[in-house]
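In: give me a 3D structure for the following:
(one chain, ligands or ions: 1)
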Amino acid sequence: MISARGLTKRYGAVLAVDDLSFDVEPGAVTGFLGANGAGKSTTMRMVLGLDAPTAGTATVGGRAYRDLPSPLREVGALLDPRCMHPGRSARAHLRWMADAAGIARSRVEEVLELVGVGHAADRRVGTFSLGMRQRVGLAGALLGDPGTLLLDEPLNGLDPEGIRWVRALLQGLAREGRTVFVSSHLLHEMEHVAQRVVVIARGRLVDVLDVGQAATVRVRPASTRLAAGLRAAGATVTAVEDGLDVEGVPPQRVGEVALEYGIALHELVERRHGLEESYLALTGVAS
Ligand SMILES: Nc1ncnc2c1ncn2[C@@H]1O[C@H](COP(=O)(O)OP(=O)(O)OP(=O)(O)O)[C@@H](O)[C@H]1O
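Out: I've put the predicted structure just below:
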């Protein structure tokens, strides 16, 4: 688990991270969503001990990063993939990391294959596209088979196939019980990869949202008899345009109630509450 408590970072006049507290639980992908400059990278750098907080603490499994006995085996990180040495090959880059952490070189070959860069392992990283560098960066994060992953914008520069692949990889890692924390400034990316999302704006916590939990069933026609029947069945019903929005009962139950009342439905659609609605509502309030 990653925990931030009162985490604050000031760069001169800029308050980059402002009294941020949140937990990232194992077993799920947790998104870290905020506009450019909201403070995501600074927060991740503080968790990784690369920046010292002005105030507050950040811990992984209850310890500060610098106190972890074998950091690369406990925490895998992907920060800016443009920071790799352009003259080194992907294999040399990963071997250098593995040697520094006492990890067997055979593991380098495993992660190269895992991220799909095996065929280009001896090419200089400087010749790689951003998407390929992201894959090498991910390989580096996975090298020590860590229980916790912090990935800063890992989908940047990937093509649609690459994005689908990373999503599946991260969800698989979370299912194995790992803690996976992934930042993005793009809402729809988070909606498809994360189960929970920590939302920040201007360095402050806005909210922690569950993605796609509650659902609304939209039915037409907007029959008052149907609305009464659904309420009697325990639903919350709101009249909208030419239909009804029904919450609190599953779609099958809505269909059954309509049948009981002899009402022909013209439409019955389940809509998961999108992160977008919550995000816009929240950031609208916050701005
Ligand atoms: N080393 C630094 N010195 C001065 N200001 C900094 C430094 N690093 C970050 N900042 C400022 O702190 C704020 C937060 O930046 P940060 O990079 O953490 O945001 P971010 O949410 O990761 O944005 P992006 O999505 O653009 O990467 C910004 O105003 C940025 O200009």
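
In: what helix or strand is residue 163 on?
Out: helix 160-175 (DSSP states H and E).

In: which elements pack onto that helix?
Out: strand 28-33, helix 130-142, strand 148-152, strand 179-184, helix 187-193 (3 or more C-beta pairs under 8 Å, 6 or more residues apart in numbering; DSSP states H and E). Glycine gets a C-beta too; all of them are placed from N, C-alpha and C.

In: how about a cut-off of 7 Å?
Out: If contacts are counted by 3 or more C-beta pairs under 7 Å, 6 or more residues apart in numbering; DSSP states H and E, helix 160-175 sits against strand 28-33, strand 179-184, helix 187-193.

In: if I look at the nearest residue to residue 122 once chain neighbours are set aside, how far off is residue 219?
Out: Leaving aside its sequence neighbours, residue 122 sits nearest to residue 89 (C-beta to C-beta, 6 or more residues apart in numbering; 4.8 Å). For residue 89, the distance to residue 219 equals 59 Å [C-beta to C-beta, to the nearest Å].

In: give me the more crowded residue out of these two.
Out: residue 219 (25 against 19; other C-beta atoms under 10 Å).

In: next up, the contacts around the more buried one.
Out: Going by C-beta atoms under 7 Å, 6 or more residues apart in numbering, residue 219 touches 243-244, 246, 254, 265, 267-268.

In: next up, phi/psi of it, please.
Out: phi -120, psi 150 (degrees, to the nearest 10).

In: residue in the stretch 151-287 of the chain nearest to the ligand?
Out: Across the stretch 151-287 of the chain, no residue is closer to the ligand than residue 185, which sits at 4.6 Å (C-beta to the nearest ligand atom).

In: how many neighbours does that residue have?
Out: 16.

In: ok, the most centrally placed residue in the chain - contacts?
Out: Closest residue to the average C-alpha location of the chain: residue 31 at 2.3 Å, with C-alpha atoms, centre = their mean. By C-beta under 7 Å, 6+ apart, the residues touching residue 31 are 182, 184, 190, 193-194, 197-198.

In: now the residues you listed in a markdown table, with pLDDT and neighbour count?
Out: Listed next are the contacts of residue 31 as a markdown table, based on pLDDT from 0 to 100; neighbours: other C-beta atoms under 10 Å:
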| residue | pLDDT | neighbour count |
| --- | --- | --- |
| 182 | 97 | 29 |
| 184 | 91 | 23 |
| 190 | 84 | 27 |
| 193 | 89 | 25 |
| 194 | 92 | 28 |
| 197 | 92 | 25 |
| 198 | 94 | 26 |
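
In: which two among the residues you listed are spaced furthest apart?
Out: 193 and 198 (13.5 Å; C-beta to C-beta).
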